[in-house]
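Peer 1: The amino acid sequence is not available; the structure is as follows:
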Ligand SMILES: [Zn+2]
């Protein structure tokens, strides 16, 4: 049975894009980080390792987080310092500065990147160059389907070599591997199926069929889940518009159970462990 890839986007209650826009002068004190042990327990009891895409400022707040993640056999990777969309960076230099900060916080352990809200596209592809310059080995920011907030419906679905000139398809000269997120066909349309809102909202059998379909093709299914979705008890409920509330919180209390069913039935591992075996 081939292995699939699990990425945990480790961020706090004030990081998700749909919440950020409602914040005014609230004290931004991390709370979701207190759920880390529960997430580590979930992975341990299901013998799964994962890549933690961490928002860097959380490591400044609580440096011990990194030891807990690494000592449990997981990988640490970069999700920007403050959960900033790539198109909201002033310049490539600002991103390079954050990469440097994160490298210092993690003792140069991070080799992978995921863009907040999957915001990598042709206008922000300088990020790939910046990652190359810092000897990163992979990116996992491409969703090969269109959603309301992101997506590249024409991108390849199996891992490929990405470059700043070729975000959606293999570039033979690319230095970074891209691990695109799991997608599937639903009512004739390509939709994301690799976690988050889609795990919470779609019937589990659709997600499971999507993974089986990839397994048949020999493609790893790349999954993402947010730390706050697995530990909603540490997630304060902010008043949002009806639509934003639905996207952010719908079925949030069922995520843990659904994720556990998935990792119990299919084999998942971190991206670094996977790439060591395959490449
Ligand atoms: Zn994120």
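Peer 2: Noted; the coordinates are in hand. Here the structure is a predicted model, which is why all the values come from computation and not from measurement.

Peer 1: dump the residue contacts of residue 28.
Peer 2: Counting by Cβ atoms under 8 Å, 6 or more residues apart in numbering, residue 28 touches 12, 14. For every residue, glycine as well, the C-beta is placed using N, CA and C.

Peer 1: ugh, wrong one, residue 146
Peer 2: 153, 190.

Peer 1: looking at this, it is in a helix?
Peer 2: No. According to DSSP: H, G, I helix; E, B strand; the rest coil, residue 146 belongs to no helix; its state is coil.

Peer 1: Pick out the residue of the stretch 151-279 of the chain closest to the ion.
Peer 2: Per Cβ to the ion, residue 226 is where the stretch 151-279 of the chain lies closest to the ion, at 6.4 Å.

Peer 1: close enough to count as contact, residue 52 and residue 33?
Peer 2: No. Using Cβ atoms under 8 Å as the test, residue 52 is too far from residue 33 to be in contact (11.5 Å).

Peer 1: State the number of residues packed around the residue of the stretch 151-279 of the chain closest to the ion.
Peer 2: 24 (other Cβ atoms under 10 Å).

Peer 1: Check which residues of the one helix or strand in the chain whose mean pLDDT sits lowest are buried.
Peer 2: The least trusted helix or strand in the chain, going by mean pLDDT, DSSP states H and E, turns out to be helix 271-278, with a mean of 85. Of the residues in helix 271-278, 271, 272, 273, 274, 275 count as buried by neighbour count, 16 or more other Cβ atoms under 10 Å.

Peer 1: Could you name the helices and strands sitting against it?
Peer 2: Helices and strands touching helix 271-278, by 3 or more Cβ pairs under 8 Å, 6 or more residues apart in numbering; DSSP states H and E, are strand 4-10, strand 75-78.

Peer 1: how big is the angle separating it from strand 4-10?
Peer 2: Helix 271-278 and strand 4-10 are oriented at 160 degrees to each other (axes from the mean of the first three to the mean of the last three Cα atoms, to 10 degrees).

Peer 1: Helix, strand, or coil at residue 15?
Peer 2: coil.

Peer 1: Can you tell me, leaving aside adjacent residues, what's nearest to residue 213?
Peer 2: residue 184 (7.0 Å; Cβ to Cβ, 6 or more residues apart in numbering).

Peer 1: same check, this time on residue 49
Peer 2: residue 270 (4.6 Å).

Peer 1: Next: residue 261.
Peer 2: residue 204 (6.4 Å).

Peer 1: What residues does the one you found make contact with?
Peer 2: Contacts of residue 204 (Cβ under 8 Å, 6+ apart): 258, 261, 262.

Peer 1: Buried ones only from those, please, as a ChimeraX command.
Peer 2: To isolate the buried ones among those in ChimeraX, judged by 16+ other Cβ under 10 Å, type:
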select :258,262
